[in-house]
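Enquirer: model this:
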Amino acid sequence: MSRLRVLTLPTARLELGAELSPVRIAFRTWGRLAPRGDNAVVVCHALTGDVDADVWWSGLFGPGRALDPDTDFIICANVLGGCYGSTGPTSVNPDTGLPWGSMFPEITVRDIVAVQRCLLDALGVRRVKFVIGGSLGGMQVLEWALLDPDRVEAIVSIAASGRHSAWSIAIGEAQRQAIAAAADPAAGLAVARQIAMISYRSRDALEQRFGRTTHDDGQWRVSRWLRAHGERLVERFDAQTYLTLSQAMDHHDVARGRGTYESVLGSIAQPALVVGIDSDVLYPLEEQEELSQLLPQARFEVLRSPHGHDAFLIEIEAVNDLVVAFRQSLVHAQAVA
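Expert: All right, here's what the predicted structure looks like:
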């Protein structure tokens, strides 16, 4: 089993003007890097995710699966701004000797990917077969294609958009206000998670699972389910980290500073698998349809599930099948060429 490792960079200049020094990147790898450094696969995690991709996407790992350690050198790094080993609000500010907390500078998805690129440089990775991720991970995927086009051969973006919509920003703002309004940030984080869970699932999924049923004490089962999710997140995550990363998602816009949205996406030459979820209310299907229309070499697939946005973490076999088929299409295209 691969162990958690940490790379320290001397400094990182952030897109919005600040500078961090030093910067730690926590990561795990599976498989071996080929002598020519050309068999890497980068996995990007979501908002509250971690480097343990073989746990939360276990069904994608294994011989003949989407992520095959027998042939791939698989890398998953904790995002910059995270709280699972990489530099973020819980890290010590070298100027004060105290945790950064609310003083941690604003970051963007581009900053997250820029730091990961430095990690790949340090590991000796010269070519990346594909970059894959869902939600915030899918946003990173698009930035990878733009920031490192000579190294990244293909991309798989799942349940993500090319830019955060007013709808998604509004949902994130309600969560941040829940944290800001609470006397105890942990209590606010629990409420923020409850708000998020409503957007991560669909109306049909909640109706089918809970309906109007109650526990013996008369409490709605769906209410207790929401509170349990909030409590579990508080046990493993940090409120200021949540604020930092949700704001980074709001900054997400592949066109910022580059040109028009259409021309920027049109410049992405890599083969792309774009997956949307038909019941996703957070990043509705039309956002992935638009991506697939604007990306020159996109293959669009719909993941049909009642589970909403979280389907990319629930419908593991379906996700695996889509990625395996995409990988096979890449091999076929190379053989024909």
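
Enquirer: can you give me the helices in this structure?
Expert: 53-56, 109-123, 136-147, 166-181, 185-200, 203-209, 221-236, 239-251, 261-266, 285-294, 311-314, 316-336 (DSSP state H).

Enquirer: Look up which residues are beta-bridged to Phe73.
Expert: Beta-bridge partners for Phe73, by DSSP bridges, are Ala40.

Enquirer: So it versus Leu67, what's the distance?
Expert: As judged by Cβ to Cβ, to the nearest Å, Phe73 and Leu67 stand 10 Å apart. (Glycine included, C-beta is placed from N, CA and C.)

Enquirer: Find residues that contact each of the two.
Expert: Common contacts of Phe73 and Leu67 (Cβ atoms under 8 Å, 6 or more residues apart in numbering): Trp30, Val41.

Enquirer: Of those two, which one has the most company?
Expert: Remark: of Phe73 and Leu67, Leu67 carries more neighbours, 26 against 22, as counted by other Cβ atoms under 10 Å.

Enquirer: Centroid-nearest residue for the chain?
Expert: Gly137 (2.0 Å; Cα atoms, centre = their mean).

Enquirer: Not counting its neighbours along the chain, what's nearest that residue?
Expert: Excluding the flanking residues, the one nearest Gly137 by Cβ to Cβ, 6 or more residues apart in numbering is Cys44, at 3.6 Å.

Enquirer: for the stretch 101-250 of the chain, which spans come out with low pLDDT?
Expert: In the prediction, the stretch 101-250 of the chain carries no residues with pLDDT under 70.

Enquirer: coming back round to it: turn the helices of the chain into TSV, including distance to Met103.
Expert: As requested, those are exported to TSV (distance: least, Cβ to Cβ, whole Å):
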stretch	distance to Met103
helix 53-56	30
helix 109-123	16
helix 136-147	23
helix 166-181	16
helix 185-200	14
helix 203-209	38
helix 221-236	22
helix 239-251	9
helix 261-266	32
helix 285-294	34
helix 311-314	32
helix 316-336	38
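
Enquirer: Can you say which of those is packed in most?
Expert: Neighbour counts (mean count of other Cβ atoms under 10 Å) averaged over each of these peak at helix 136-147, with a mean of 26.

Enquirer: gap between that one and the chain center?
Expert: Its chain's C-alpha centre and that of helix 136-147 lie 9 Å apart, by Cα atoms, centre = their mean, to the nearest Å.

Enquirer: Check stretch 84-92 too.
Expert: Stretch 84-92 sits 17 Å away from the centroid of its parent chain (Cα atoms, centre = their mean).

Enquirer: Need the contact partners of that stretch.
Expert: Identification of contacts with stretch 84-92 by Cβ under 8 Å, 6+ apart yields 4, 6, 20, 22-26, 50-51, 77-83, 98-102, 104, 115, 238, 240-241, 243-244.

Enquirer: Quick one, which of these are buried?
Expert: For these, a neighbour count by 16 or more other Cβ atoms under 10 Å gives the buried set as 20, 23-26, 50-51, 77-83, 99-101, 104, 115, 238, 240-241, 243-244.

Enquirer: In strands, which of those residues fall?
Expert: Among the buried ones among the contacts of stretch 84-92, the residues falling in strands (DSSP state E) are Leu20, Val23, Arg24, Ile25, Ala26, Ala77, Pro99.

Enquirer: Now distance to Gly257 and pLDDT too, for those residues, in a markdown table please.
Expert: Listed next are these as a markdown table, based on distance: Cβ to Cβ, whole Å; pLDDT from 0 to 100:
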| residue | distance to Gly257 | pLDDT |
| --- | --- | --- |
| Leu20 | 20 | 97 |
| Val23 | 22 | 98 |
| Arg24 | 27 | 98 |
| Ile25 | 24 | 98 |
| Ala26 | 29 | 98 |
| Ala77 | 24 | 98 |
| Pro99 | 31 | 97 |
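
Enquirer: Mind picking the two most distant members of those?
Expert: Between any two of these, the greatest separation by Cβ to Cβ is 21.0 Å, found for Ala77 and Pro99.

Enquirer: Val141 and Ala46 touch, don't they?
Expert: No: the pair Val141 / Ala46 is not scored as a contact, 11.6 Å apart, by Cβ atoms under 8 Å.

Enquirer: Quickly list what's touching both of those two.
Expert: Joint contacts of Val141 and Ala46 (Cβ under 8 Å, 6+ apart) are Gly133.

Enquirer: quick one: the closest residue to Thr213 other than its chain neighbours from Leu233, how far?
Expert: Once flanking residues are discounted, Thr213 sits nearest to Arg221: 4.9 Å by Cβ to Cβ, 6+ apart. Separation of Arg221 from Leu233 (Cβ to Cβ) stands at 19 Å.
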